[in-house]
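Undergrad: sequence first, then the predicted structure:
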Amino acid sequence: TNRGIAPIRGTSHTSPHGMPLDLLDRMMIVATVPYATDELRQILGVRCTEEEVDMAPDALELLTRIATETSLRYAIQTIITSSLVAQKRKSNVVELKDVERCFNLFVDVKRSTKFLMEYQSEFMFNEIGEQDGQTEQEKPAAVAADESKMQEG
């Protein structure tokens, strides 16, 4: 979790993540490193095999680059959507243009966030940039309910 220093439930003490200190002391920290490009390519190749998708080498390279720049999850989800695009054009092999089309149709988290931040003022219920000094009556009911749930948890 990313709760920071929070109260331990049922006590008046605080600790990192709101967890008892003796429990935190007994936990094991596992260090992880991002996948290398070759590892991503291999993982995507295995997924293509498992999903029974024939992927052209240049399309697999683009998928690998997408996995590097966005996320492995997004690239894996792009495999099946690219396969559907290829099937629609009556091809058994996913080509570069199929992956590009899916990349343009379905946005990843970074591009979605960028879009939302860029056009936030044009959306209904734009709350970013408002002052924190609002009263509970000025806030929409859903926002006030969400904030109270977050403070309880």
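TA: Sure thing, it's come through.

Undergrad: going forward, measure contacts between C-alpha atoms and count neighbours the same way
TA: Will do.

Undergrad: how about low-confidence regions in this protein?
TA: Where the chain drops to pLDDT under 70, the residues are 1, 126-153.

Undergrad: can you tell me the closest non-neighbouring residue to the residue nearest the centre of it?
TA: The chain has residue 109 as the residue nearest its centroid, 5.3 Å off, counting by C-alpha atoms, centre = their mean. Nearest non-adjacent residue to residue 109, counting by C-alpha to C-alpha, 6 or more residues apart in numbering: residue 70, 7.8 Å away.

Undergrad: residue 83 too?
TA: residue 94 (5.7 Å).

Undergrad: quick one: contacts for the one you found?
TA: Contact partners of residue 94, counting by C-alpha atoms under 8 Å, 6 or more residues apart in numbering, are 53, 54, 55, 56, 59, 82, 83, 86.

Undergrad: scan this structure for its longest helix.
TA: Across the chain, the longest stretch assigned as helix under DSSP state H is helix 72-88.

Undergrad: what sits up against that one?
TA: Residues outside helix 72-88 that contact it (C-alpha under 8 Å, 6+ apart) are 40, 44, 47-48, 51, 53, 63-64, 66-67, 92-95, 98-99, 101-103, 108.

Undergrad: buried subset of these as a PyMOL selection?
TA: Buried residues within these, by 16 or more other C-alpha atoms under 10 Å, are selected in PyMOL with:
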select buried, resi 40+44+47+48+53+63+64+66+67+93+94+95+98+99+102+103
